[in-house]
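J.: got a predicted structure here, sequence first:
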Amino acid sequence: MGQLVAQVEAGSAMVPPTGSPADQTTVRRSNLSLVLRYLSTRGPASRAAIAAETGLNKTTVSSLISELQARGLVTETGLQQAGAVGRPGRAISLDGATVGALGLEINVDYIATYGLDLTGRTLIDRRVGFDAMGSDVDRSLRQLSQVMGAALTDLDSAGLRVMGITVAVPGLVNVETGTVLYAPNLGWRNVPVAQRLADTAPTVPIPVSVDNDANLAALAEFTVGVAAGTPDLVYLTGEVGVGGGVISGGRLLRGGDGFAGEVGHLPVDPNGDRCGCGRTGCWETKVGLAALVRMAAPDHAYGRSDSGPVRVPEERLAEIERRQAAGDRRVEQALREIARWLGVGGAILVNLLNPRVIVLGGYFARFRGQLIADAQAELDRLVVAGPDARCLFVASELDFRAAAHGAAHVAVERVLTDPTMVAMLASEPSQPSWRRR
Ligand SMILES: [Zn+2]
(Lines give C-alpha, C1' and ligand atoms only; values in the text may rest on other atoms or scores of the structure.)
Protein backbone atom coordinates (compact mmCIF):
# COMPACT_ATOMS: atom_id res chain seq x y z
CA MET A 1 0.00 0.00 0.00
CA GLY A 2 1.34 3.43 -0.82
CA GLN A 3 1.23 6.68 1.01
CA LEU A 4 -1.61 9.11 0.56
CA VAL A 5 -0.18 12.00 2.48
CA ALA A 6 3.16 11.40 4.10
CA GLN A 7 3.06 13.16 7.46
CA VAL A 8 6.45 11.95 8.64
CA GLU A 9 9.14 11.26 6.10
CA ALA A 10 11.48 8.33 6.55
CA GLY A 11 14.78 9.58 7.87
CA SER A 12 13.21 12.32 9.96
CA ALA A 13 13.04 10.19 13.07
CA MET A 14 12.71 12.29 16.14
CA VAL A 15 15.30 12.53 18.89
CA PRO A 16 14.62 10.36 21.97
CA PRO A 17 12.24 12.16 24.34
CA THR A 18 13.79 14.49 26.85
CA GLY A 19 11.13 17.15 27.29
CA SER A 20 7.73 17.31 28.97
CA PRO A 21 5.34 14.32 29.11
CA ALA A 22 3.28 15.95 26.36
CA ASP A 23 6.35 16.18 24.14
CA GLN A 24 7.20 12.57 24.89
CA THR A 25 3.71 11.45 23.92
CA THR A 26 3.94 13.35 20.65
CA VAL A 27 7.38 11.95 19.89
CA ARG A 28 6.24 8.42 20.73
CA ARG A 29 3.21 8.77 18.44
CA SER A 30 5.35 10.10 15.59
CA ASN A 31 7.79 7.23 15.95
CA LEU A 32 5.01 4.64 16.05
CA SER A 33 3.70 6.21 12.85
CA LEU A 34 7.16 6.22 11.30
CA VAL A 35 7.62 2.48 11.89
CA LEU A 36 4.10 1.55 10.80
CA ARG A 37 4.39 3.64 7.65
CA TYR A 38 7.78 2.10 6.89
CA LEU A 39 6.25 -1.39 7.04
CA SER A 40 3.27 -0.23 4.98
CA THR A 41 5.49 1.13 2.22
CA ARG A 42 8.36 -1.37 2.21
CA GLY A 43 6.73 -4.59 3.40
CA PRO A 44 8.05 -7.01 6.07
CA ALA A 45 11.36 -6.15 7.71
CA SER A 46 13.45 -7.15 10.71
CA ARG A 47 13.80 -4.87 13.72
CA ALA A 48 17.42 -4.28 12.76
CA ALA A 49 16.47 -3.23 9.24
CA ILE A 50 13.75 -0.92 10.55
CA ALA A 51 16.23 0.68 12.93
CA ALA A 52 18.83 1.13 10.21
CA GLU A 53 16.40 2.63 7.73
CA THR A 54 14.44 4.90 10.04
CA GLY A 55 17.38 6.16 12.04
CA LEU A 56 15.78 5.07 15.32
CA ASN A 57 17.89 3.08 17.76
CA LYS A 58 17.26 -0.67 18.14
CA THR A 59 15.95 -0.48 21.70
CA THR A 60 13.41 2.14 20.66
CA VAL A 61 12.37 0.07 17.64
CA SER A 62 11.82 -3.02 19.81
CA SER A 63 9.67 -1.03 22.21
CA LEU A 64 7.68 0.53 19.36
CA ILE A 65 7.11 -2.88 17.74
CA SER A 66 5.86 -4.28 21.08
CA GLU A 67 3.32 -1.47 21.33
CA LEU A 68 2.21 -1.88 17.71
CA GLN A 69 1.77 -5.63 18.36
CA ALA A 70 -0.29 -4.89 21.46
CA ARG A 71 -2.53 -2.67 19.34
CA GLY A 72 -2.94 -5.47 16.80
CA LEU A 73 -1.26 -3.48 14.04
CA VAL A 74 1.83 -5.60 13.33
CA THR A 75 2.75 -9.24 13.66
CA GLU A 76 5.89 -11.39 13.55
CA THR A 77 5.99 -13.44 10.40
CA GLY A 78 9.10 -15.57 10.72
CA LEU A 79 12.79 -15.27 10.04
CA GLN A 80 13.93 -12.57 7.68
CA GLN A 81 16.79 -13.54 5.38
CA ALA A 82 20.16 -12.09 6.31
CA GLY A 83 20.41 -8.94 4.25
CA ALA A 84 22.75 -6.05 3.93
CA VAL A 85 21.85 -4.82 7.36
CA GLY A 86 22.59 -6.67 10.62
CA ARG A 87 21.97 -10.29 11.53
CA PRO A 88 18.81 -12.11 10.51
CA GLY A 89 15.91 -11.50 12.83
CA ARG A 90 12.21 -12.16 12.94
CA ALA A 91 10.39 -10.24 10.23
CA ILE A 92 7.70 -7.80 11.30
CA SER A 93 4.82 -7.08 8.98
CA LEU A 94 1.53 -5.23 9.05
CA ASP A 95 -1.24 -7.29 10.61
CA GLY A 96 -4.16 -7.25 8.20
CA ALA A 97 -6.43 -9.35 10.35
CA THR A 98 -7.63 -6.90 12.95
CA VAL A 99 -7.94 -3.31 11.77
CA GLY A 100 -9.94 -1.98 8.87
CA ALA A 101 -11.50 1.12 7.37
CA LEU A 102 -14.62 1.89 5.39
CA GLY A 103 -15.15 4.17 2.42
CA LEU A 104 -18.60 5.20 1.21
CA GLU A 105 -19.70 7.24 -1.75
CA ILE A 106 -23.10 8.69 -2.44
CA ASN A 107 -23.59 9.92 -5.97
CA VAL A 108 -26.49 10.83 -8.23
CA ASP A 109 -27.58 7.27 -8.93
CA TYR A 110 -25.74 4.95 -6.55
CA ILE A 111 -24.16 4.36 -3.16
CA ALA A 112 -20.77 2.63 -3.18
CA THR A 113 -19.04 0.85 -0.32
CA TYR A 114 -15.39 -0.11 -0.08
CA GLY A 115 -13.82 -1.89 2.88
CA LEU A 116 -10.07 -2.26 3.35
CA ASP A 117 -7.87 -3.77 5.99
CA LEU A 118 -4.65 -2.14 7.13
CA THR A 119 -2.58 -3.94 4.50
CA GLY A 120 -4.75 -2.59 1.68
CA ARG A 121 -6.62 -5.85 1.09
CA THR A 122 -10.14 -5.31 -0.27
CA LEU A 123 -12.86 -6.81 1.92
CA ILE A 124 -15.96 -5.08 0.57
CA ASP A 125 -16.51 -3.67 -2.91
CA ARG A 126 -20.15 -3.12 -3.79
CA ARG A 127 -22.52 -0.60 -5.26
CA VAL A 128 -26.27 -0.30 -5.13
CA GLY A 129 -28.50 1.83 -7.33
CA PHE A 130 -30.10 4.72 -5.45
CA ASP A 131 -31.91 7.75 -6.82
CA ALA A 132 -30.22 10.43 -4.75
CA MET A 133 -31.23 13.09 -7.28
CA GLY A 134 -34.90 12.26 -6.73
CA SER A 135 -34.65 11.83 -2.93
CA ASP A 136 -34.61 14.45 -0.21
CA VAL A 137 -31.65 14.76 2.15
CA ASP A 138 -33.28 12.77 4.95
CA ARG A 139 -34.07 9.80 2.75
CA SER A 140 -30.58 9.84 1.23
CA LEU A 141 -28.91 9.93 4.63
CA ARG A 142 -31.15 7.15 5.94
CA GLN A 143 -30.17 5.00 2.98
CA LEU A 144 -26.49 5.88 3.40
CA SER A 145 -26.70 5.00 7.08
CA GLN A 146 -28.30 1.64 6.26
CA VAL A 147 -25.58 0.80 3.75
CA MET A 148 -22.95 1.86 6.27
CA GLY A 149 -24.51 -0.32 8.97
CA ALA A 150 -24.56 -3.38 6.72
CA ALA A 151 -20.92 -2.89 5.79
CA LEU A 152 -19.86 -2.42 9.42
CA THR A 153 -21.67 -5.60 10.35
CA ASP A 154 -19.82 -7.48 7.60
CA LEU A 155 -16.43 -6.12 8.68
CA ASP A 156 -17.25 -6.93 12.28
CA SER A 157 -18.12 -10.50 11.28
CA ALA A 158 -14.73 -10.73 9.57
CA GLY A 159 -13.15 -9.84 12.92
CA LEU A 160 -12.06 -6.34 11.98
CA ARG A 161 -12.14 -3.29 14.17
CA VAL A 162 -13.17 -0.42 11.89
CA MET A 163 -11.09 2.61 12.79
CA GLY A 164 -12.49 5.16 10.42
CA ILE A 165 -15.21 5.92 7.91
CA THR A 166 -14.87 8.42 5.09
CA VAL A 167 -17.80 9.49 2.93
CA ALA A 168 -17.31 10.79 -0.62
CA VAL A 169 -19.83 13.33 -1.88
CA PRO A 170 -19.98 15.10 -5.26
CA GLY A 171 -19.89 18.65 -3.96
CA LEU A 172 -18.19 21.33 -1.93
CA VAL A 173 -17.21 19.96 1.47
CA ASN A 174 -15.91 21.55 4.64
CA VAL A 175 -13.61 18.68 5.62
CA GLU A 176 -12.96 20.18 9.08
CA THR A 177 -16.61 19.84 10.09
CA GLY A 178 -17.70 17.06 7.72
CA THR A 179 -20.39 19.32 6.27
CA VAL A 180 -21.43 19.32 2.63
CA LEU A 181 -21.85 22.99 1.80
CA TYR A 182 -23.27 22.50 -1.67
CA ALA A 183 -23.80 19.46 -3.87
CA PRO A 184 -25.72 20.76 -6.91
CA ASN A 185 -26.54 17.38 -8.46
CA LEU A 186 -27.84 16.00 -5.14
CA GLY A 187 -29.69 19.22 -4.29
CA TRP A 188 -27.87 19.43 -0.94
CA ARG A 189 -26.97 22.64 0.88
CA ASN A 190 -25.30 22.79 4.30
CA VAL A 191 -25.79 19.15 5.24
CA PRO A 192 -23.74 18.09 8.29
CA VAL A 193 -23.18 14.58 6.93
CA ALA A 194 -20.56 13.44 9.47
CA GLN A 195 -22.73 14.55 12.39
CA ARG A 196 -25.92 13.07 10.94
CA LEU A 197 -24.29 9.67 10.33
CA ALA A 198 -22.68 9.67 13.76
CA ASP A 199 -26.10 10.44 15.26
CA THR A 200 -27.59 7.34 13.65
CA ALA A 201 -25.14 5.19 15.61
CA PRO A 202 -24.29 7.22 18.72
CA THR A 203 -22.74 4.30 20.59
CA VAL A 204 -20.31 3.46 17.82
CA PRO A 205 -17.19 5.53 18.40
CA ILE A 206 -15.92 5.41 14.85
CA PRO A 207 -14.80 8.75 13.46
CA VAL A 208 -16.67 9.75 10.30
CA SER A 209 -15.12 12.21 7.87
CA VAL A 210 -16.44 13.63 4.60
CA ASP A 211 -14.63 14.76 1.48
CA ASN A 212 -15.20 15.60 -2.15
CA ASP A 213 -15.55 12.55 -4.40
CA ALA A 214 -13.02 13.71 -6.98
CA ASN A 215 -10.42 14.51 -4.31
CA LEU A 216 -10.76 11.00 -2.88
CA ALA A 217 -10.68 9.40 -6.32
CA ALA A 218 -7.54 11.39 -7.19
CA LEU A 219 -5.90 10.07 -4.01
CA ALA A 220 -6.86 6.53 -5.00
CA GLU A 221 -5.38 7.05 -8.49
CA PHE A 222 -2.24 8.53 -6.99
CA THR A 223 -1.93 5.56 -4.64
CA VAL A 224 -3.01 2.49 -6.61
CA GLY A 225 -4.23 3.67 -10.03
CA VAL A 226 -2.87 3.55 -13.58
CA ALA A 227 -0.77 6.66 -13.00
CA ALA A 228 0.13 5.91 -9.37
CA GLY A 229 2.99 8.02 -8.10
CA THR A 230 2.67 10.69 -10.83
CA PRO A 231 3.17 13.83 -8.74
CA ASP A 232 1.19 16.11 -11.08
CA LEU A 233 -2.07 14.47 -11.95
CA VAL A 234 -5.69 15.48 -12.45
CA TYR A 235 -8.52 12.99 -12.00
CA LEU A 236 -11.86 13.67 -13.67
CA THR A 237 -15.01 11.98 -12.42
CA GLY A 238 -17.13 10.82 -15.32
CA GLU A 239 -20.54 10.99 -13.69
CA VAL A 240 -23.53 13.24 -14.13
CA GLY A 241 -21.37 15.84 -12.42
CA VAL A 242 -17.77 16.19 -13.48
CA GLY A 243 -15.41 16.94 -10.63
CA GLY A 244 -11.65 17.27 -10.65
CA GLY A 245 -9.19 16.04 -8.06
CA VAL A 246 -5.81 17.70 -8.42
CA ILE A 247 -2.55 16.21 -7.21
CA SER A 248 0.12 18.89 -7.53
CA GLY A 249 3.71 18.27 -6.51
CA GLY A 250 2.63 14.99 -4.94
CA ARG A 251 -0.03 16.53 -2.71
CA LEU A 252 -3.75 17.03 -3.01
CA LEU A 253 -4.46 20.62 -3.99
CA ARG A 254 -7.28 21.97 -1.84
CA GLY A 255 -6.98 25.74 -2.23
CA GLY A 256 -7.81 28.42 0.32
CA ASP A 257 -11.26 27.16 1.31
CA GLY A 258 -10.92 23.55 0.19
CA PHE A 259 -12.92 24.07 -2.99
CA ALA A 260 -10.18 23.60 -5.60
CA GLY A 261 -10.98 21.26 -8.49
CA GLU A 262 -14.57 22.26 -9.28
CA VAL A 263 -13.70 21.92 -12.94
CA GLY A 264 -17.16 20.73 -13.97
CA HIS A 265 -18.35 24.30 -13.55
CA LEU A 266 -15.72 25.92 -15.73
CA PRO A 267 -17.85 28.17 -17.95
CA VAL A 268 -16.96 26.98 -21.44
CA ASP A 269 -20.01 27.97 -23.50
CA PRO A 270 -21.97 31.18 -22.79
CA ASN A 271 -24.69 29.93 -25.15
CA GLY A 272 -24.82 26.46 -23.65
CA ASP A 273 -27.32 24.57 -21.55
CA ARG A 274 -28.36 25.23 -17.99
CA CYS A 275 -26.25 23.37 -15.43
CA GLY A 276 -27.33 21.72 -12.17
CA CYS A 277 -25.59 24.61 -10.40
CA GLY A 278 -27.94 27.14 -12.03
CA ARG A 279 -25.32 28.66 -14.31
CA THR A 280 -25.11 28.28 -18.07
CA GLY A 281 -22.62 26.43 -20.24
CA CYS A 282 -20.59 24.71 -17.51
CA TRP A 283 -18.12 22.07 -18.75
CA GLU A 284 -20.16 19.23 -17.21
CA THR A 285 -23.16 20.17 -19.37
CA LYS A 286 -20.89 19.32 -22.32
CA VAL A 287 -19.15 16.18 -21.07
CA GLY A 288 -21.11 14.83 -18.07
CA LEU A 289 -22.97 11.54 -18.22
CA ALA A 290 -26.29 13.37 -18.49
CA ALA A 291 -25.02 15.06 -21.67
CA LEU A 292 -24.05 11.71 -23.19
CA VAL A 293 -27.44 10.16 -22.38
CA ARG A 294 -29.28 13.25 -23.63
CA MET A 295 -27.47 13.13 -26.98
CA ALA A 296 -27.18 9.37 -27.45
CA ALA A 297 -30.36 8.03 -25.86
CA PRO A 298 -32.71 10.97 -25.19
CA ASP A 299 -35.59 8.70 -24.16
CA HIS A 300 -33.43 7.58 -21.19
CA ALA A 301 -32.35 11.10 -20.19
CA TYR A 302 -31.86 11.95 -16.53
CA GLY A 303 -34.77 13.70 -14.91
CA ARG A 304 -37.41 12.06 -17.12
CA SER A 305 -40.08 10.57 -14.93
CA ASP A 306 -40.76 7.83 -17.49
CA SER A 307 -37.14 6.75 -17.84
CA GLY A 308 -37.71 3.67 -15.71
CA PRO A 309 -36.35 2.43 -12.38
CA VAL A 310 -33.13 3.68 -10.81
CA ARG A 311 -30.13 2.41 -12.70
CA VAL A 312 -26.51 2.30 -11.75
CA PRO A 313 -24.60 4.15 -14.49
CA GLU A 314 -23.46 0.90 -16.14
CA GLU A 315 -27.04 0.07 -17.09
CA ARG A 316 -27.46 3.34 -18.95
CA LEU A 317 -24.06 2.78 -20.56
CA ALA A 318 -24.99 -0.76 -21.56
CA GLU A 319 -28.12 0.63 -23.22
CA ILE A 320 -26.02 3.16 -25.14
CA GLU A 321 -23.59 0.44 -26.21
CA ARG A 322 -26.51 -1.69 -27.43
CA ARG A 323 -27.70 1.19 -29.59
CA GLN A 324 -24.21 1.79 -30.91
CA ALA A 325 -23.91 -1.89 -31.84
CA ALA A 326 -27.28 -1.65 -33.56
CA GLY A 327 -25.92 1.15 -35.74
CA ASP A 328 -27.52 4.15 -34.02
CA ARG A 329 -25.43 7.02 -35.40
CA ARG A 330 -26.37 9.32 -32.53
CA VAL A 331 -24.03 7.45 -30.20
CA GLU A 332 -20.94 7.97 -32.32
CA GLN A 333 -21.81 11.62 -32.87
CA ALA A 334 -22.38 12.16 -29.15
CA LEU A 335 -19.04 10.58 -28.23
CA ARG A 336 -17.20 12.65 -30.82
CA GLU A 337 -18.79 15.81 -29.44
CA ILE A 338 -17.91 14.82 -25.87
CA ALA A 339 -14.32 13.97 -26.84
CA ARG A 340 -13.91 17.42 -28.41
CA TRP A 341 -15.20 19.16 -25.27
CA LEU A 342 -12.97 16.94 -23.10
CA GLY A 343 -10.05 18.31 -25.10
CA VAL A 344 -11.24 21.91 -24.67
CA GLY A 345 -11.59 21.62 -20.88
CA GLY A 346 -8.47 19.48 -20.61
CA ALA A 347 -6.47 22.23 -22.33
CA ILE A 348 -7.67 24.73 -19.72
CA LEU A 349 -6.47 22.36 -16.99
CA VAL A 350 -3.09 21.91 -18.67
CA ASN A 351 -2.62 25.66 -19.12
CA LEU A 352 -3.55 26.18 -15.49
CA LEU A 353 -1.97 23.23 -13.67
CA ASN A 354 0.49 21.56 -16.06
CA PRO A 355 -0.38 17.98 -15.07
CA ARG A 356 1.43 15.08 -16.72
CA VAL A 357 -1.67 12.94 -16.75
CA ILE A 358 -5.40 13.53 -16.83
CA VAL A 359 -7.02 10.35 -15.53
CA LEU A 360 -10.48 9.80 -16.96
CA GLY A 361 -12.76 8.11 -14.45
CA GLY A 362 -16.32 6.83 -14.42
CA TYR A 363 -18.05 6.57 -17.77
CA PHE A 364 -15.16 8.24 -19.62
CA ALA A 365 -13.07 5.15 -18.91
CA ARG A 366 -15.79 2.88 -20.21
CA PHE A 367 -15.72 4.68 -23.59
CA ARG A 368 -11.96 5.16 -23.61
CA GLY A 369 -11.67 3.70 -27.11
CA GLN A 370 -13.93 6.35 -28.61
CA LEU A 371 -12.92 9.31 -26.45
CA ILE A 372 -9.20 9.43 -25.79
CA ALA A 373 -7.67 9.90 -29.24
CA ASP A 374 -10.02 12.75 -30.24
CA ALA A 375 -9.78 14.40 -26.82
CA GLN A 376 -5.97 14.21 -26.94
CA ALA A 377 -5.84 15.73 -30.42
CA GLU A 378 -8.02 18.64 -29.34
CA LEU A 379 -5.99 19.17 -26.16
CA ASP A 380 -2.70 19.12 -28.05
CA ARG A 381 -4.09 21.68 -30.51
CA LEU A 382 -5.21 24.08 -27.75
CA VAL A 383 -2.50 23.93 -25.08
CA VAL A 384 -0.38 27.06 -25.26
CA ALA A 385 2.89 25.22 -24.50
CA GLY A 386 2.17 22.80 -27.34
CA PRO A 387 4.05 19.52 -27.26
CA ASP A 388 6.37 20.86 -24.53
CA ALA A 389 3.54 20.31 -22.03
CA ARG A 390 3.51 16.54 -22.04
CA CYS A 391 0.08 15.69 -20.74
CA LEU A 392 -1.73 12.49 -21.65
CA PHE A 393 -5.32 11.47 -21.16
CA VAL A 394 -5.41 7.98 -19.63
CA ALA A 395 -8.37 5.85 -18.61
CA SER A 396 -8.81 4.87 -14.98
CA GLU A 397 -8.93 1.17 -14.12
CA LEU A 398 -10.79 1.87 -10.88
CA ASP A 399 -14.14 2.29 -12.57
CA PHE A 400 -16.95 3.90 -10.57
CA ARG A 401 -15.35 2.65 -7.34
CA ALA A 402 -12.45 5.13 -7.32
CA ALA A 403 -13.95 7.57 -4.82
CA ALA A 404 -15.09 4.94 -2.31
CA HIS A 405 -11.72 3.20 -2.64
CA GLY A 406 -9.92 6.50 -2.00
CA ALA A 407 -12.23 7.16 0.93
CA ALA A 408 -11.25 3.87 2.57
CA HIS A 409 -7.57 4.64 1.94
CA VAL A 410 -7.91 7.98 3.68
CA ALA A 411 -9.39 6.24 6.71
CA VAL A 412 -6.47 3.75 6.73
CA GLU A 413 -4.09 6.67 6.37
CA ARG A 414 -5.36 8.12 9.64
CA VAL A 415 -4.30 4.95 11.45
CA LEU A 416 -0.86 5.10 9.84
CA THR A 417 -0.53 8.71 10.98
CA ASP A 418 -1.68 8.05 14.53
CA PRO A 419 -1.43 4.35 15.51
CA THR A 420 -2.50 5.24 19.06
CA MET A 421 -6.07 5.70 17.82
CA VAL A 422 -6.25 1.89 17.80
CA ALA A 423 -6.84 0.61 21.33
CA MET A 424 -4.56 -1.96 22.96
CA LEU A 425 -5.96 -5.45 22.44
CA ALA A 426 -5.11 -6.80 25.89
CA SER A 427 -5.94 -3.89 28.14
CA GLU A 428 -8.91 -2.46 26.25
CA PRO A 429 -10.62 -5.37 24.54
CA SER A 430 -14.06 -3.83 24.85
CA GLN A 431 -13.84 -1.47 21.89
CA PRO A 432 -17.56 -1.46 21.19
CA SER A 433 -18.41 -2.97 17.88
CA TRP A 434 -21.27 -2.12 15.62
CA ARG A 435 -23.15 -5.27 16.53
CA ARG A 436 -22.63 -5.03 20.27
CA ARG A 437 -24.20 -1.59 20.54
ZN1 LIG B 1 -22.37 24.36 -13.24
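T.: Yep, it's here. All values derive from a computational prediction rather than experimental measurement.
J.: alpha carbons only for contacts and neighbour counts from here, please
T.: Will do.
J.: dig out what S46 forms beta bridges with.
T.: A91 (DSSP bridges).
J.: again but with R161, I slipped
T.: Taking DSSP bridges, one finds V99 as the beta-bridge partners of R161.
J.: kindly report the same for the one 5 residues further on.
T.: Beta-bridge pairing of T166, defined through DSSP bridges, involves G103, S209.
J.: that one and N212 touch, don't they?
T.: No. Using Cα atoms under 8 Å, T166 is not in contact with N212; the gap is 10.2 Å.
J.: low-confidence stretches in the stretch 101-250 of the chain?
T.: Counting by pLDDT under 70, the stretch 101-250 of the chain shows low-confidence ranges at 202-204.
J.: 80 - rerun?
T.: Counting by pLDDT under 80, the stretch 101-250 of the chain contains low-confidence residues at 201-205.
J.: how many residues are close by the closest residue to the ion within it?
T.: Distances from the stretch 101-250 of the chain to the ion, computed as Cα to the ion, single out P184 as the nearest residue at 8.0 Å. Neighbour count for P184, taken as other Cα atoms under 10 Å: 17.
J.: mind giving me the packing neighbours of the longest helix along the chain?
T.: Determined from DSSP state H, the single longest helix within the chain is helix 329-353. Under the contact definition 3 or more Cα pairs under 8 Å, 6 or more residues apart in numbering; DSSP states H and E, helix 329-353 sits against helix 284-287, helix 289-296, helix 313-325, helix 368-382.
J.: residues touching the very next helix or strand once past that helix, excluding its own?
T.: If you walk from helix 329-353 toward the C-terminus, the next helix or strand you reach (DSSP states H and E) is strand 357-360. Under the criterion Cα atoms under 8 Å, 6 or more residues apart in numbering, residues 221, 227, 230, 232-238, 346, 391-396 lie in contact with strand 357-360.
J.: what about 10 Å?
T.: With Cα atoms under 10 Å, 6 or more residues apart in numbering as the test, strand 357-360 has contacts from 217-218, 221-222, 225-227, 230-238, 244-246, 342, 346, 349-350, 365-368, 371-372, 390-399.
J.: I'd like the mean pLDDT over it, please.
T.: Along strand 357-360, the predicted local confidence has a mean pLDDT of 98.
J.: report the distance from the helix or strand that it is followed by to the chain centre.
T.: Next along the chain after strand 357-360, taking DSSP H and E as the criterion, comes helix 362-366. Taking Cα atoms, centre = their mean, to the nearest Å, one finds the center of helix 362-366 at 16 Å from the center of the full chain.
J.: and for helix 362-366, what's in contact with it?
T.: By Cα under 10 Å, 6+ apart, the list of residues contacting helix 362-366 from outside reads 236-240, 242, 287-289, 292, 313-314, 317-318, 335, 338-339, 342, 359-360, 370-372, 394-403.
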